[in-house]
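Take this sequence and fold it.
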Amino acid sequence: MINKLISQILPHMPEKLVWQFSKQYIAGKTTQQALDASLALNRNNTLVTLDILGEFIENMDQAKDNRDQYIDLINTMEATEVQGNYSIKPTMFGLLLDRQTCSDYMRDIVSAAAAHGNFVRIDMENSPTVDDTIAIFRRIKAEFPKNVGLVLQAYLKRTRSDIEAMLDLKSDEANLNFRLCKGIYVEPPSIAYQKYEEINAHYLEDLELMFQNGIYPGIATHDKPLIEGALNLIRKYDIPRDRYEFQMLYGVTPKQRQSLADEGHKVRVYVPFGEHWFGYSTRRLKENPAMVTHIVKALFAKG
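Residues are numbered from 1 along each chain as shown. Alright, predicted model coming up:
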């Protein structure tokens with residue numbers, strides 16, 4: 001109840017105060033700050049995926065501006081030594097307003113990354129967006145088979161069948177590349193698993209299905225039992241280290257992340273940044289009040 005109360009109050013508090021809750025998990029407000037943070041991670045044998053904050057926009061002018069910002073980011077980052085790729089959210093480009101234009105804008109971003117031989121990950125958002133997101137992913141992958149991937153959420157009951165349904169996209173030329181996360185949005189029990197143990201069990205089942213079908217997974221978790229479960233599956237199927245990666249959030253469990261990197265596993269950190277950090281932070285806390293506990297613990301841990 002306390003977590004929920006705090007998460008409801010935060011959106012009405014001064015931005016400077018909310019920033020104290022947010023800055024550990026957001027790389028900065030500018031592209032340069034994000035690139036500096038990314039280079040620091042690279043120096044510790046960690047790859048990155050950059051994400052400009054902003055989602056659920058109100059008009060298509062915002063969508064076009066977001067598209068242009070991403071293309072500017074790609075052009076800027078590719079001129080640096082940063083080792084990383086890009087992550088995009090469909091609602092940032094108008095998925096709920098104009099699906100065709102949204103698809104076109106996302107295609108433009110993947111095209112810009114592909115011109116540099118790079119890669120874009122399409123994030124998965126709440127359940128009403130899943131079908132359209134998969135449809136856009138299919139369209140873009142047909143044109144850029146090596147340059148686009150997708151996020152899947154293990155707590156959704158449909159995810160296993162979604163993986164199976166997309167196996168037709170595999171080819172000798174290009175593999176499937178899925179980031180597998182637990183899922184953060186609040187969804188009803190009719191479509192999403194609710195219990196910790198249940199979600200973890202389905203996470204590992206989905207991951208095993210990916211390994212069995214030669215899919216490249218981004219194993220996105222900070223949960224130690226899931227990391228151990230993933231390592232067991234890697235050993236079981238003798239997966240080469242260039243056929244998977246672990247993925248973690250900026251500012252979360254850095255020692256665990258570094259331990260995996262030091263052991264020789266490929267590790268990538270999701271690096272969110274941008275002017276819309278306030279809305280992102282408060283929205284995430286309202287969607288998942290349990291995050292408040294982790295943030296407060298982190299603040300006290302830093303002294």
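
Which stretches in the stretch 201-303 of the chain count as helices?
Using DSSP state H, counting those that start in this stretch, the helices found in the stretch 201-303 of the chain span residues 224-236, 254-262, 277-287, 291-301.

comparing those helices, which gets the lowest mean pLDDT score?
The stretch with the lowest average pLDDT out of the helices of the stretch 201-303 of the chain is helix 291-301, scoring a mean of 51.

Now Thr253. Nearest residue, chain neighbours left out?
His222 (4.7 Å; C-beta to C-beta, 6 or more residues apart in numbering). For every residue, glycine as well, the C-beta is placed using N, CA and C.

Next one: the one you found from Val269, what distance?
Look at His222 and Val269: by C-beta to C-beta, to the nearest Å, they are 11 Å apart.

Looking only at neighbour counts, state which of those two leads.
Val269 (26 against 16; other C-beta atoms under 10 Å).

Pull the contacting residues for the more buried one.
41, 46-49, 247-250, 257 (C-beta atoms under 8 Å, 6 or more residues apart in numbering).

Now that we have those residues, can you turn them into JSON lines and tack on distance to Arg235 and neighbour count?
Shown next, in JSON lines, are those (distance: C-beta to C-beta, whole Å; neighbours: other C-beta atoms under 10 Å):
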{"residue": "Leu41", "distance to Arg235": "27", "neighbour count": "24"}
{"residue": "Thr46", "distance to Arg235": "23", "neighbour count": "22"}
{"residue": "Leu47", "distance to Arg235": "23", "neighbour count": "18"}
{"residue": "Val48", "distance to Arg235": "27", "neighbour count": "27"}
{"residue": "Thr49", "distance to Arg235": "26", "neighbour count": "23"}
{"residue": "Gln247", "distance to Arg235": "19", "neighbour count": "24"}
{"residue": "Met248", "distance to Arg235": "21", "neighbour count": "21"}
{"residue": "Leu249", "distance to Arg235": "25", "neighbour count": "16"}
{"residue": "Tyr250", "distance to Arg235": "29", "neighbour count": "22"}
{"residue": "Arg257", "distance to Arg235": "20", "neighbour count": "23"}
